[in-house]
Each structure stands twice: as C-alpha cells, then as structure tokens.
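In: build me a model:
(one chain, ligands or ions: 2)
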Amino acid sequence: MSRTLVVNIGLLVTNDLSVDGGPLGVIENAAFIVEDEIVTWVGANGDVSHKDVSNTVDAHGRCVIPGFVDSHSHLVFAGDRSAEFRARMQGEPYAAGGINYTVELTRAASNGDLLASARRLFAEATASGTTTMETKSGYGLTVDDEARSLAVAKQITDETTFLGAHIVPKEFKSSPEDYVDLVCGPMLDAALPNSKWIDVFCDKGAFTADQARRILSAGMAKGLLPRLHANQLEPGEGVQLGVELGAASVDHVSHLSDADVAALSKSKTVATLLPGAEFSTRSAYPDARRLFEAGVTVALASDCNPGSSYTTSMPFVIAVAVRDMYFSPEQALWSATKGGAQALRRTDVGHLGKGASADFSILGTHTYMHLAYRPGVQLIDEVWRHGVRVK
Ligand code: NIG
Ligand code: FE
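Out: Ligands and ions are numbered 1, 2, ... in the order given. I've put the predicted structure just below:
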C-alpha cells in the first residue's frame, strides 16, 4: 500500500460541514493522509503521523481544495465556431441552430480525431483543477455517430451522457417526431453500452417538454439516469419535468418561474448554472441568489462546447459567478466541487473528508479567494486524481 502525506497546508478546504460548521469545512495549518487513492485521515498539521510514509508532499503554506467536479460538458466534437462567436460579439443572437454546423464537421471526423480533440480538452480541464468531468454526445445525431461519440467519451470519463436529443438534425426537419422515435429506439440501444446518463435539450429551437418526457422515459426504462438542459433560452416546462422524473440535475435554468423554484426547493434535483454560456453568448445570467434563498442546491459547471461556452476552466467559471452572479467566493467554490458531485449523485468526490477519493489541487496561493480575485491567472500548481499526481 502507498501512503502519501500532504503536510503544511496553510488552508485546507474539506467541504465537510462537521469540521467547522460552515459549508467549506476549512482547517488552517492542516495535513491529510492518502492511502492508495483514498483520504484516510484529515487534521491539524501537528497531529499527523509520519509512520510508514511512502511519499510526503509539502504544501509550503499554500491552499488545498477538492478537485473541481465539472458536471456538464460537451467534449466530443470537431472544428470550432469562432466565426459564429465573432458575429455574436457584433450583436447576432445565440440560437440552438448553430449546433447543426458542428454536427456536419463531427460526422465527417474520424474516431481518432474526435478522441484526440476530446483528450486535449480533458487535459486542459485537468490542468485547471478539474478531477471529475461529465461529458455528452450530441454532435453526431445518427445512430452510428452518437454511438461512436459515446465510445470516445467513455475513453475519457465514466460520467457519460447520451444527448441524441440535442437538436433535430436537418434531415428530419420536416418530421421531428420521426427523429424522436429514432432517439427512443435504435439510437438509444446503440448508446446504452457507453452511457450512464440521458439528457435532452428542452428549449426553443430544440425539443418540447412532451418530446423530452418521451425520450427521458425511454432512457430510464433501459437503465439510464435522467438530467436535462432546461429553460436556457425561454421559460418552459423543462425544470418541472426534470423534478417530476427525479433528474439529478436541471441545467442552465436561466428562465425560472416561482413554481419552478418551489419545485426545485422541495426536490433532490440540483440546479446547475453554466456562467460560461451567458458570458459567451452575452445573455442575462440566471438569478442564483433566488435559488440560494429558496434552499436549492446549486452546481457550477463549464458547459464546454464549441458554440455557447468554449472554456474548460472552472476557475474562470468561479470568477464569473462571483463577479457577475453575486455568488460569495465560498458558494462558488462549493458549487464547483460538492455541488457538481451532487449533480452527478456522487459522494466519493467533491470533498476531502475521510473516505473521499484523493482528488485535490494545490493552489499557487494561500487562499481560494484568489480564484475569483485574480481572474484569468493560472493559480493551480498541482492536481491529484485518485491519489496520483496528474499535474
Ligand atoms: O449547453 N444548450 C444546448 N447545448 C449547448 C450548446 C451547444 C452548441 O451551441 O453547440 C449548451 O449551451
Ligand atoms: Fe450544455
């Protein structure tokens, strides 16, 4: 067994309520022990046992945080949409239809190219402190192209999501119900071996709530777990559908009614906010304070995709959430770690208590505050995933 000691931590964020009664569970002058890939002891630096140590990591007073849990991304695609971004910055609105352009390029790409591109983005995310990452299909939209997208996704993460219902592809424009039949039938069957979750883009220009219900129910009947892109572009029934179906998360949620907020607050469904999308589409941010006040669990994720949010950086997401959405730095860090874990129904990641997976970052500074206070600056010195240093 390998035994690693992480010592001289100036400020340790555990996300363990029992430590100090606060959500971040911070300990000053801390240390912890990792045995193989699990945290087995957390406490004061002076109390750590140096017995049978294989490896000692000296944090030299820096801050250590749990690895980011990015619960929403779209890493499997080809090409980019920089021209669309340029037009948008000149005043063009964002519309779901841009997805079709990426679909064309993705269908034409080889499996090797798709995997190389997804791996490059995953490595980028890792370098900025992400240790758990969900990712989706959704730029193939044929049986074969969705199946191979998920096979690529599965090579980088176990948190894979079938998003055949991202948009109705051009060839089904005049018969969208036929496309829904395809998604619920042969496409779902082909996606199953490499999917854990099923998702639908339930919004203007994409799928209706009735279609979303059919698709999610078909996936759930075959053992997939539901999550939902909902209420990004306009108000709708998506949030309440997600709650009704027990979705782990409803994502985007920029347009919320009082009934949506009430439904979320009584449920275990997490509201996942994706500030990169509002930032890059120059849209209004969702009202996070309203969600916090209602007691809704809030996650922050990157939504990395070539259209609406081409970033893998969770520190950037935290900085925007604090600057523009009035998250406190503590709320933002919690939502990007434990909130993301809850959006994936994971209890082993997103915290650094005893029994947690040893997934953490050593920052290049003494406090997590700098993630928001020093936007755009590279602040992640070291990243460890499952007890192994990956940066
Ligand atoms: O999460 N909302 C739907 N899908 C993506 C956008 C995809 C794209 O524009 O390529 C999102 O923002
Ligand atoms: Fe998305």
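
In: how many neighbours does Ser249 have?
Out: 30 (other Cβ atoms under 10 Å). No exception for glycine: its C-beta is placed from N, CA and C like everyone else's.

In: state the distance from Asn231 to Ala212.
Out: Computed as Cβ to Cβ, to the nearest Å, the Asn231 to Ala212 distance reads 12 Å.

In: give me the common contacts of the two.
Out: Contact criterion Cβ atoms under 8 Å, 6 or more residues apart in numbering; residues shared by Asn231 and Ala212: 202, 238.

In: give me the element the nearest residue to Asp203 once chain neighbours are set aside is part of.
Out: Excluding the flanking residues, the one nearest Asp203 by Cβ to Cβ, 6 or more residues apart in numbering is Leu233, at 4.8 Å. Using DSSP states H and E, Leu233 sits within no helix or strand.

In: what's the local residue count around Asp58?
Out: Neighbourhood size, Asp58 [other Cβ under 10 Å]: 12.

In: any idea which residue of this protein is furthest from its center?
Out: In the chain, the residue that sits farthest from the middle, by Cα atoms, centre = their mean, is Lys51; the gap is 37.7 Å.

In: you'd agree that one is in a helix?
Out: No - per DSSP: H, G, I helix; E, B strand; the rest coil, Lys51 lies outside any helix segment and is coil.

In: would you mind measuring from it to Ser149?
Out: From Lys51 to Ser149 the distance is 48 Å (Cβ to Cβ).

In: which residues touch the helix or strand bottoming out on mean pLDDT in the chain?
Out: Lowest by mean pLDDT, DSSP states H and E among the helices and strands of the chain is helix 17-20, with a mean of 90. For helix 17-20, the external contacting residues (Cβ under 8 Å, 6+ apart) are 23, 25-27, 353.

In: now, which of these sits nearest ligand 1?
Out: Pro23 (26.8 Å; Cβ to the nearest ligand atom).

In: which residues does the residue in the chain positioned nearest to ligand 1 contact?
Out: Ligand 1 sits closest to Gly307 of the chain, with a gap of 2.1 Å, by Cβ to the nearest ligand atom. By Cβ under 8 Å, 6+ apart, Gly307 lies in contact with 81, 84, 94, 98-99, 102.

In: Ala165 too?
Out: Residues in contact with Ala165 (Cβ under 8 Å, 6+ apart) are 180, 183, 199-201, 206-207, 211-212, 215.

In: and it, what are its bridge partners?
Out: Val200 (DSSP bridges).

In: pLDDT wise, what is it at?
Out: The score at Ala165 is 98. That number is its pLDDT.

In: about what we covered before: next, the buried residues of the least confident helix or strand of the chain.
Out: Val19 (16 or more other Cβ atoms under 10 Å).

In: so how far is the longest helix along the chain off the chain centroid?
Out: In the chain, ranked by residue count with DSSP state H as the criterion, the top helix is helix 111-127. In terms of Cα atoms, centre = their mean, to the nearest Å, the centre of helix 111-127 is found 16 Å from the chain centre.

In: name the helices or strands packed onto it?
Out: helix 143-154, strand 380-385 (3 or more Cβ pairs under 8 Å, 6 or more residues apart in numbering; DSSP states H and E).

In: for the nearest residue to Ser254 once chain neighbours are set aside, what are its contacts?
Out: Leaving aside its sequence neighbours, Ser254 sits nearest to Pro286 (Cβ to Cβ, 6+ apart; 4.5 Å). Contact partners of Pro286, counting by Cβ under 8 Å, 6+ apart, are 252-256, 271, 273, 278, 325.

In: how close does Pro286 get to Ala321?
Out: For Pro286, the distance to Ala321 - Cβ to Cβ - is 10 Å.

In: now do the shared contacts for those two.
Out: Common neighbours of Pro286 and Ala321 (Cβ under 8 Å, 6+ apart) are Leu273.

In: which among the contacts of Gly307 end up buried?
Out: The buried subset of those - by 16+ other Cβ under 10 Å - is 81, 84, 94, 98-99, 102.

In: follow-up on the earlier one: which SSE is immediately downstream of the longest helix of the chain?
Out: Downstream of helix 111-127, the first helix or strand assigned by DSSP H and E is strand 130-133.

In: next secondary structure after that next one?
Out: strand 135-136.

In: who's in contact with that following strand?
Out: By Cβ under 8 Å, 6+ apart, strand 135-136 touches 72-76, 118, 122, 153, 156-157, 159-163, 166, 199.

In: residue numbers of this structure in contact with ligand 1?
Out: Residues of the chain lying close to ligand 1 by Cβ under 6 Å from any ligand atom are 98-99, 102, 201, 229, 232, 277, 303, 305-309.

In: residue ranges with poor pLDDT in this structure?
Out: Under the criterion of pLDDT under 70, none of the chain is flagged as low confidence.

In: most centrally placed residue in it?
Out: Ser71 (2.1 Å).

In: give the burial count for the closest residue to Phe85 other than its chain neighbours, as a bare number.
Out: Excluding the flanking residues, the one nearest Phe85 by Cβ to Cβ, 6+ apart is Ser280, at 6.9 Å. Ser280 has 20 neighbours, counted by other Cβ under 10 Å.

In: now do the same contact list for Ser280.
Out: Ser280 sits next to 85, 88, 308-311 when contact means Cβ under 8 Å, 6+ apart.

In: looks to me like it is in a strand.
Out: No - read with three-state DSSP, Ser280 is helix and lies in no strand.

In: just the strands from the stretch 201-350 of the chain, written as ranges.
Out: 225-226, 228-230, 249-252, 270-273, 298-300 (DSSP state E, counting those that start in this stretch).

In: of all those strands, which lies closest to Ala127?
Out: Nearest to Ala127 among the strands of the stretch 201-350 of the chain is strand 298-300 (18.4 Å), distances taken as Cβ to Cβ.
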